[in-house]
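K.L.:
Only the shape, not the letters, is given here:
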């Protein structure tokens with residue numbers, strides 16, 4: 001319990017510092033850009049419920065939202081409008097935050113050394129994760145779904161069925177959590193496991209076909225920006241300005257594909273056979289595969305807002321295990337996770353962090369590298385983190401999947 005107590009203590013200290021700085025309106029001094037209203041992202045859903053009850057469509061444009069944002073979620077969310085949960089947004093936001101906080105705390109192993117609580121608290125208090133808590137974004141709920149799925153997965157047949165059901169429910173709500181099914185791929189030892197995975201992917205494919213028009217509309221109206229976002233597109237655009245073919249999509253896919261090929265051809269020396277591990281180790285591997293799969297695939301395929309980086313918390317227990325065992329890959333990956341989480345804020349004018357960001361932009365803007373178009377330190381850390389996580393995924397595949405080692 002020591003690590004969990006230290007984690008809670010670290011987060012409480014962060015909140016006390018926030019209160020001392022002046023509260024919500026001064027969150028920017030800790031790297032979190034506060035919205036104009038409390039739980040601003042959650043209001044996109046609640047105002048969508050208000051319009052839906054009045055018979056007004058909200059997917060392409062939500063006239064009930066004070067910021068006129070589209071309710072760019074699968075419209076199954078709007079089926080809940082009859083519950084009238086939008087009457088007290090703050091109370092609903094507190095519930096969402098509490099569920100996500102409980103999920104984040106449950107990731108910390110009960111038997112972990114006390115000092116690791118500092119690592120977990122440092123990750124939770126990062127600008128990227130706290131942005132999700134400040135906005136009350138529904139990705140926090142999906143994170144809780146995925147964590148719950150990883151925790152029950154090892155509980156026999158019922159646990160496995162429940163885990164697949166939780167991932168399907170999360171994917172129905174917002175599509176991208178289907179990537180967490182990567183943790184099931186690692187466990188394909190029996191026909192039962194294969195049947196459950198095929199059933200999950202088949203059910204999701206049917207659902208995606210049914211709402212295909214909604215998905216296309218979401219893809220068209222969802223905001224695409226480099227601000228408070230992560231994705232390979234940013235690095236690929238910087239590279240493609242000078243290197244032909246001048247296609248950001250081509251270079252983005254090429255970067256990660258090359259990393260995957262190299263990782264599978266020369267897998268790192270991580271423990272590859274999960275069947276030899278105990279229950280605690282299995283739990284951490286499942287969490288790692290869920291979190292790493294979500295990050296890598298959302299990084300490659302989308303431009304996602306930084307609050308989705310909360311899924312990186314799931315990778316910490318296994319990375320800490322490997323780090324304690326002496327893995328340099330795990331230590332490096334942990335370092336780049338913290339760079340990714342903490343460089344999510346531009347830190348303009350802040351000593352050290354601000355200097356790092358401005359210095360890196362200056363270096364990457366030299367011609368002929370990028371025609372004076374700089375690359376942020378955050379985008380660089382995100383790209384290198386994707387390479388490291390791909391290598392770690394390859395290194396933790398079952399031994400039968402990897403090339404024979406000496």
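P.N.:
Thanks, I have the structure now. From a predicted model like this one, the values you see are computed outputs, not experimental measurements.
K.L.:
Which parts of this protein are strands?
P.N.:
229-230, 304-305 (DSSP state E).
K.L.:
of all these, which lies closest to residue 221?
P.N.:
Counting by Cβ to Cβ, residue 221 lies closest to strand 304-305 out of these; the figure is 14.5 Å. Glycine gets a C-beta too; all of them are placed from N, C-alpha and C.
K.L.:
Can you list the strands that that closest one pairs with?
P.N.:
Partners of strand 304-305 in the sheet, by DSSP bridges, are strand 229-230 (antiparallel).
K.L.:
Can you give the distance of the strand it pairs with from its chain's centre?
P.N.:
Put simply, strand 229-230 sits 10 Å off its chain's centre (Cα atoms, centre = their mean, to the nearest Å).
K.L.:
which residues touch that strand?
P.N.:
299, 303, 304, 305, 306, 308, 309, 340, 344, 378, 379, 382 (Cβ atoms under 8 Å, 6 or more residues apart in numbering).
K.L.:
Check stretch 39-49 too.
P.N.:
Contacts of stretch 39-49 (Cβ under 8 Å, 6+ apart): 35, 37, 58, 62, 64-67, 69, 71-73, 77-78, 80-81, 83-86, 89-90, 92-93, 96, 134-138, 307.
K.L.:
Just the ones of those residues in helices?
P.N.:
Using DSSP state H, 89, 90, 92, 93, 96, 134, 135 are the members of the contacts of stretch 39-49 that sit in helices.
K.L.:
Now do the same contact list for the closest residue to the second one other than its chain neighbours.
P.N.:
Nearest-residue entry for residue 90: residue 38, 5.9 Å, with adjacent residues in sequence omitted and distances by Cβ to Cβ, 6 or more residues apart in numbering. Contact partners of residue 38, counting by Cβ under 8 Å, 6+ apart, are 24, 89, 90, 93, 136.
K.L.:
What residues sit buried inside the worst-scoring helix or strand of the chain on mean pLDDT?
P.N.:
Taking mean pLDDT, DSSP states H and E as the measure, the chain has helix 353-364 as its least confident helix or strand, at a mean of 77. Within helix 353-364, the residues that qualify as buried are 353, 357, 358, 360, 364, counting by 16 or more other Cβ atoms under 10 Å.
K.L.:
next one: stretch 252-264
P.N.:
Neighbour-count burial for stretch 252-264 [16+ other Cβ under 10 Å]: 252, 255, 256, 259, 260, 263, 264.
K.L.:
now stretch 11-24
P.N.:
So, applying 16+ other Cβ under 10 Å, buried residues of stretch 11-24: 11, 14, 18.
K.L.:
Give me the contact list for that stretch.
P.N.:
With Cβ under 8 Å, 6+ apart as the criterion, stretch 11-24 contacts 26, 27, 29, 30, 34, 38, 101, 121, 124, 125, 134.
K.L.:
Also stretch 335-343?
P.N.:
Contacts for stretch 335-343 (Cβ under 8 Å, 6+ apart): 31, 122-123, 126-129, 230, 309, 312, 315-316, 319, 353, 356-357, 376-378, 381-382, 384-385, 388.
K.L.:
distance between that stretch and the chain's centre?
P.N.:
That offset, for stretch 335-343, works out to 13 Å (Cα atoms, centre = their mean).
K.L.:
which residues in the stretch 301-406 of the chain form helices?
P.N.:
316-324, 328-342, 353-364, 377-395 (DSSP state H, counting those that start in this stretch).
K.L.:
Could you tell me the angle between the third one and helix 328-342?
P.N.:
Taking axes from the mean of the first three to the mean of the last three Cα atoms, to 10 degrees, helix 353-364 and helix 328-342 form an angle of 100 degrees between their directions.
K.L.:
Check which helices and strands helix 353-364 sits against.
P.N.:
helix 377-395 (3 or more Cβ pairs under 8 Å, 6 or more residues apart in numbering; DSSP states H and E).
K.L.:
What average pLDDT does the helix it packs on get?
P.N.:
When pLDDT is averaged over helix 377-395, the result is 91.
K.L.:
quick one: contacts for the nearest residue to residue 263 once chain neighbours are set aside?
P.N.:
Spatial nearest neighbour of residue 263, chain neighbours left out: residue 394 (3.7 Å); criterion: Cβ to Cβ, 6+ apart. Listed by Cβ under 8 Å, 6+ apart, the contact partners of residue 394 are 260, 263, 264, 267, 268, 402.
K.L.:
One more: residue 181?
P.N.:
Residue 181 neighbours (Cβ under 8 Å, 6+ apart): 167, 197, 200, 201, 293.
K.L.:
Contacts only, for the last one.
P.N.:
Think residue 293. With Cβ under 8 Å, 6+ apart, residue 293 has these contacts: 179, 180, 181, 182, 183, 393.
K.L.:
State the distance from it to residue 398.
P.N.:
16 Å (Cβ to Cβ, to the nearest Å).
K.L.:
Equivalent analysis for the first one, please.
P.N.:
Shown here: residue 167 relative to residue 398, a distance of 20 Å by Cβ to Cβ.
K.L.:
Next: the second one.
P.N.:
Distance from residue 197 to residue 398, counting by Cβ to Cβ: 15 Å.
K.L.:
So for these two, which sits in the more crowded spot?
P.N.:
Taking neighbours as other Cβ atoms under 10 Å, residue 197 and residue 398 compare with residue 197 leading, 18 against 15.
K.L.:
Need the nearest residue in space to the more buried one, chain neighbours excluded.
P.N.:
Nearest one to residue 197, counting by Cβ to Cβ, 6+ apart, is residue 184 at 4.8 Å.
K.L.:
again with residue 100
P.N.:
Nearest to residue 100 is residue 140, by Cβ to Cβ, 6+ apart, at 3.6 Å.
K.L.:
Next: residue 247.
P.N.:
The shortest distance from residue 247 to any non-neighbouring residue, by Cβ to Cβ, 6+ apart, is to residue 240 (5.9 Å).
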